[in-house]
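A.B. asks: Everything below, folded, please.
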Amino acid sequence: MSEHHKLTEPFTDRNGHYLKAECESCFGLCCAALPFAASVDFARDKDAGQPCHNLQSDFRCGVHTDLRQLGFRGCTVYDCFGAGQKVSQVTYAGEDWRQKTKTAKQMFEVFPIMWHLHELLWYLNESLNLEVTHTIHVELQTALDETEQLTLLSPDSLLKVNVDAHRAKINLLLLQVSELVRTEARRKLKKASRTFNRGADLMGAKLKGADLRGANLRGAYLIAADLRGADLRSADLIGADFRDTDLRGANLAEALFLTQAQINAAKGDSLTKLPTLLLRPDHWLSQ
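C.D. replies: Down below sits the predicted model:
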């Protein structure tokens, strides 16, 4: 493994809670709490708080192996950063919403808040495991501790958390992390990195084989872009939209702030290099 990422398995927060989805420990919260609309990603509409018609009594999906074929591609992309099991097993101590129907609505409202907090924990844990960020480790550790404490609040208290304000505060630190990582990349390359404005429109862009090491691609729209064989090491990819992005043969092994959901939304192959903690999606094999 490179010096850039030294994260260990399993990827947990300091309290030992997985920051990866563990569906067998969840009460199907993403299948019940979240809404979706009929589109290329979902075959039908579903309101928030309405359990999906494919959700079984044991909280498993009845069509899990056929989701893409049945028009539910969006389900195969989603990742909760472990928020589902945190809400199910910690916040509500293992009491599911079917047993405690009076708390179902509250649990469904708590889940998205926990998702946001766990996403921030993912980024903060990654940041703390980068040697180049040693100058701000104290600040990062403090932010991580504060975020973890929020995840352990009671349901009533979680509903009062100002997630937007907390995310904005954390983002200032993540911007510092990005600058440290990309500056180090430029120093090693001895040249300037590609520059893009935040939220750059790169939909369908022809970037095959592009050297994007250390590039700032925060929030970039890379929908259906051709990134075959591109080098994205040390590139900041937080919030980048990878829907149908062609990543075959691309090098993302040391990409910054990349998530499983982004990878799940893209197209790739056995030659695509991924960060150690991200899994190669099963559907890549059939594309």
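A.B. asks: Give me the distance between the residue most central in space within the chain and residue 283.
C.D. replies: Centroid-nearest residue in the chain: residue 259, 3.8 Å away (criterion: CA atoms, centre = their mean). Distance, residue 259 to residue 283, using CB to CB, to the nearest Å: 17 Å. Placement of C-beta: from N, CA and C, glycine included.
A.B. asks: ok, now residue 228?
C.D. replies: Look at residue 228 and residue 283: by CB to CB, they are 18 Å apart.
A.B. asks: quick one, which of the two is more surrounded?
C.D. replies: residue 228 (21 against 15; other CB atoms under 10 Å).
A.B. asks: Look at residue 279 and say how many residues are nearby.
C.D. replies: The tally of other residues near residue 279 (other CB under 10 Å) stands at 11.
A.B. asks: Also residue 76?
C.D. replies: 16.
A.B. asks: residues touching it, list them.
C.D. replies: Going by CB atoms under 8 Å, 6 or more residues apart in numbering, residue 76 touches 67, 68, 264, 281, 283.
A.B. asks: Phi and psi next, for the first one.
C.D. replies: Taking degrees, to the nearest 10, you get phi -60, psi -50 for the backbone angles of residue 67.
A.B. asks: correct me, but it touches residue 61?
C.D. replies: Yes: with contact defined as CB atoms under 8 Å, residue 67 and residue 61 form a contacting pair (7.2 Å).
A.B. asks: Kindly point out which residues are neighbours of both of those two.
C.D. replies: Common neighbours of residue 67 and residue 61, using CB under 8 Å, 6+ apart, are residue 75.
A.B. asks: re the thing from before, of the contacts of residue 76, which belong to helices?
C.D. replies: residue 264 (DSSP state H).
A.B. asks: Specify which member of the contacts of residue 76 is nearest to residue 79.
C.D. replies: When these are ranked by distance to residue 79 (CB to CB), residue 264 comes first, at 6.7 Å.
A.B. asks: In this protein, where is pLDDT below threshold?
C.D. replies: Across the chain, residues meeting the criterion (pLDDT under 70) sit at 1-17, 286-287.
A.B. asks: now the helices for it?
C.D. replies: According to DSSP H, the helices that the chain contains are 29-32, 73-77, 83-86, 104-128, 137-151, 155-158, 163-189, 260-265.
A.B. asks: Filter the contacts of residue 76 down to just the buried residues.
C.D. replies: 67, 264, 281 (16 or more other CB atoms under 10 Å).
A.B. asks: For the residues you listed, give me a markdown table that also has distance to residue 134.
C.D. replies: Converted to a markdown table, the buried ones among the contacts of residue 76 look like this (distance: CB to CB, whole Å):
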| residue | distance to residue 134 |
| --- | --- |
| 67 | 42 |
| 264 | 32 |
| 281 | 33 |
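A.B. asks: I'd say residue 126 and residue 259 touch.
C.D. replies: No: applying CB under 8 Å, one finds residue 126 not in contact with residue 259, separated by 9.8 Å.
A.B. asks: Number of residues surrounding residue 177?
C.D. replies: Neighbour number of residue 177 under other CB under 10 Å is 23.
A.B. asks: quick one: residue 142 and residue 66, what's the gap?
C.D. replies: With distances taken as CB to CB, residue 142 is found 46 Å from residue 66.
A.B. asks: Count the residues that sit near residue 45.
C.D. replies: Using other CB under 10 Å, residue 45 has 11 other residues around it.
A.B. asks: shouldn't it be in contact with residue 39?
C.D. replies: No: between residue 45 and residue 39 there is no contact under CB under 8 Å: 9.3 Å.
A.B. asks: got any residues that touch both of those two?
C.D. replies: Listed as contacting both residue 45 and residue 39 by CB under 8 Å, 6+ apart is no residue at all.
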